[in-house]
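> Below: sequence and its predicted model.
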Amino acid sequence: MAQLIIVRHGQSQWNLENRFTGWVDVPLSEKGVAEAKEAGQKLKDFRFDEAFTSDLQRAQHTLNYILETSGQTNIPITKNVALNERMYGDLQGLDKADTAAKYGDEQVLIWRRSYDVAPPAGESLKDTAARVIPYVEAEIVPKLKAGKNIIIAAHGNSLRALVMYLEKMTPEEILKFEIPTGSPRLYELDGDLNIQKAVYL
């Protein structure tokens, strides 16, 4: 039996400002730092063998705060662009309300919540899954099957791609699945990655 913890980074400065972030490397807000430390408190009784995170500082700093708060700063950490947030292309940096005024509420909703429609010069959730899942299968699944306990600190959409894979969700189901910032989700998995337990802590 292996344990997998996934955590969406704490609130970022652009989450706070209601702007599309994507691959722009913005820092955590003060609230985001507090959320990360609170997640670490929730994970004090867990022991991880390895950690994975994205190439972006908001996820990396969330992971660092979690490991510091839970007393586990000595475990190996792997950073990879495959775990980055969905690339929002031309929308990155734009205020979400201004974007809706420019393109229309319906179009922005399609970009944000459809599975396979990408914003201009950006990625759809389907595109994000196409890089997240092969990386997870190659680098993380073998460790879970070997019984290692893993923590992943990443982003709303890269983690939704992972949840879709783990929980065998349809595109329609994953679009309704929200991942709150800074809230650890625990999976207990058998040797074939069958879920024995899935719960927010």
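Received the coordinates, thanks.
> if I pick the residue nearest to residue 135 when sequence neighbours are not counted, what's in contact with it?
Nearest residue to residue 135 in three dimensions, chain neighbours excluded: residue 82, at 3.6 Å (C-beta to C-beta, 6 or more residues apart in numbering). Backbone N, C-alpha and C define where each C-beta goes, glycine included. If you count contacts by C-beta atoms under 8 Å, 6 or more residues apart in numbering, residue 82 has them with 131-132, 134-135.
> which one of the residues you listed sits closest to residue 15?
Residue 15 lies nearest to residue 132 out of these, by C-beta to C-beta, at 20.2 Å.
> Now do the buried residues in the one helix or strand that closest one maps to.
If you go by DSSP states H and E, residue 132 is part of helix 125-135. Of the residues in helix 125-135, 125, 127-129, 131-133, 135 count as buried by neighbour count, 16 or more other C-beta atoms under 10 Å.
> Can you report how many residues lie near residue 199?
By other C-beta atoms under 10 Å, the residues close to residue 199 number 9.
> how much space is there between it and residue 66?
Separation of residue 199 from residue 66 (C-beta to C-beta, to the nearest Å): 17 Å.
> the strands in the chain, which residues?
Residue ranges of the strands in the chain, as given by DSSP state E, are 2-8, 50-53, 77-79, 150-154, 185-189, 195-200.
> neighbours around residue 185, how many?
If we define neighbours as other C-beta under 10 Å, then residue 185 has 19 of them.
> going forward can the numbers begin at 31, since that is how I track them
All right, first residue 31 from here; so that's residue 215.
> show me what contacts it?
Contact analysis of residue 215 by C-beta under 8 Å, 6+ apart lists 35-37, 193, 209, 228-231.
> Spit out the contact partners of the nearest residue to residue 193 once chain neighbours are set aside.
If the residues on either side of it in the chain are set aside, residue 193 comes closest to residue 207, at 6.2 Å by C-beta to C-beta, 6+ apart. The contact partners of residue 207, taken as C-beta under 8 Å, 6+ apart, are 190, 193-194, 199.
> how many other residues sit next to residue 189?
Residues near residue 189, counting by other C-beta under 10 Å, number 25.
> Equivalent analysis for residue 43, please.
16.
> ok, it touching residue 61?
No. At 9.9 Å, residue 43 does not count as touching residue 61 under the criterion of C-beta atoms under 8 Å.
> how about the helices of this structure, start to end?
43-46, 60-72, 87-99, 126-133, 135-143, 155-165, 171-175, 186-197, 201-205 (DSSP state H).
> can you put the ones you listed in JSON lines and add mean pLDDT and distance to residue 214?
Listed next are those as JSON lines, based on pLDDT from 0 to 100; distance: least, C-beta to C-beta, whole Å:
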{"stretch": "helix 43-46", "mean pLDDT": "96", "distance to residue 214": "18"}
{"stretch": "helix 60-72", "mean pLDDT": "98", "distance to residue 214": "5"}
{"stretch": "helix 87-99", "mean pLDDT": "98", "distance to residue 214": "8"}
{"stretch": "helix 126-133", "mean pLDDT": "92", "distance to residue 214": "26"}
{"stretch": "helix 135-143", "mean pLDDT": "91", "distance to residue 214": "24"}
{"stretch": "helix 155-165", "mean pLDDT": "98", "distance to residue 214": "19"}
{"stretch": "helix 171-175", "mean pLDDT": "97", "distance to residue 214": "16"}
{"stretch": "helix 186-197", "mean pLDDT": "97", "distance to residue 214": "11"}
{"stretch": "helix 201-205", "mean pLDDT": "92", "distance to residue 214": "19"}
